[in-house]
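Asks: Got a sequence here, can you model it:
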Amino acid sequence: MRCVLVAHALVVVAFLAAGCVSAPRVETAVAPPSFSAGALVESTRVVRADDLVRAPGTIATYAVLSGRRQGATLEQRHDFSMNSPDGRELVISERMRKRPTDAWVDSERMSLTRSDDGLFILREVATPEEDSLSRFDDGLAFAAPELESGESLDGASTMTVRTLVAGKPRGTGEATRSLRIVGECDINLCGLPTRAIVLELVFDVTLDVATAHVVSEVYVVPGRGIVAEVRREDVRILGIIPRRRDETIVLVDFIAPNPYATKVR
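Replies: Presented below is the predicted three-dimensional model:
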């Protein structure tokens, strides 16, 4: 049940339509995938929604540096929902391949909505590899228009989990999500030194059949979005079967939507 947040501001673009002006590629990696971070210092900077939720039409590529999926490549696509003519619904879909010669496999799909004040709200997470669909009945606050140091974006919701294919019930319970800026630091991103704002993401789920506790350090570079994430997940099934997963991912490049194109309806 991942809630990685990799994400970006809602704009109108024609990259979504085949045959439109191609989107520019933003080069990121200058060396093999790698990541390191220096000492954390206090930050007074602001993280905006478009630093956390990329614009529809964006394709971001991440390398998995550690964890059970180490060596895999993740591709995240950001699109308007086909069921949202007003552009208020966004879908972030992720696919994975373990090796360059492997076929891509769908791994996650997150559905978000945007409120009138610009708050992005997480509605559901589909995980095909686990045949799982998690729905947050009240929605979970995902990205604020602006998040300042010292502030925390908190959300809570009841939730239901069903199988993705057959829709059979798997569990019910509650989820909470908290996001806050903890500082900034110098990082080395695939051989490229830069400065990142560091956020702490805490995601907790309590179901009748399982519990999950996720803590992530999220590294954000304004203009590039989330460039790295160090994630730790503890899951306990039926109160007795523990499972621990750690993972580090790093951005290797992304294709940004063309700002001069217009949306085709």
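Asks: Give the buried residues for the longest strand seen in the chain.
Replies: When the chain is scanned for its longest strand (criterion: DSSP state E), the result is strand 169-189. Residues of strand 169-189 classed as buried: 170-171, 173, 175, 177-181, 183-185, 187, 189 (neighbour count, 16 or more other CB atoms under 10 Å). (C-beta placed from N, C-alpha, C; glycine too.)
Asks: where are the low-confidence patches of the chain?
Replies: Applying pLDDT under 70 to the chain flags the ranges 1-30, 84-86, 258-265.
Asks: Could I get the full set of helices for it?
Replies: Assigned helices in the chain, in chain order: 49-52 (criterion: DSSP state H).
Asks: by contact count, what packs against the longest strand of the chain?
Replies: Here strand 169-189 touches strand 35-37, strand 132-143, strand 146-148, strand 152-163, strand 192-207, strand 210-221, strand 225-237, going by 3 or more CB pairs under 8 Å, 6 or more residues apart in numbering; DSSP states H and E.
Asks: How far off centre is the second one?
Replies: Averaging C-alpha coordinates over strand 132-143 and over its chain gives two centres that are 13 Å apart (CA atoms, centre = their mean, to the nearest Å).
Asks: Pull up the pairing partners for it, direction included.
Replies: Using DSSP bridges, strand 132-143 pairs in its sheet with strand 120-127 (antiparallel), strand 152-163 (antiparallel).
Asks: from those strands, which stretch is densest packed?
Replies: strand 120-127 (a mean of 21; mean count of other CB atoms under 10 Å).
Asks: Pull the distance from that one to the chain's centre.
Replies: Distance of strand 120-127 from the chain centroid (CA atoms, centre = their mean) equals 10 Å.
Asks: again, but for stretch 180-196
Replies: Centroid separation between stretch 180-196 and its chain, computed with CA atoms, centre = their mean, is 18 Å.
Asks: Quick check: closest non-adjacent residue to residue 36.
Replies: Once flanking residues are discounted, residue 36 sits nearest to residue 188: 4.7 Å by CB to CB, 6 or more residues apart in numbering.
Asks: and the residue lying farthest from the centre of the chain, backbone torsions?
Replies: Within the chain, residue 240 marks the point farthest from the mean C-alpha position, 29.2 Å out by CA atoms, centre = their mean. With angles defined as degrees, to the nearest 10, residue 240 shows backbone torsions of phi -130, psi -20.
Asks: Same check on residue 56?
Replies: phi -50, psi 140.
Asks: doesn't residue 88 make contact with it?
Replies: No: the pair residue 56 and residue 88 does not pass the contact test of CB atoms under 8 Å, sitting 11.6 Å apart.
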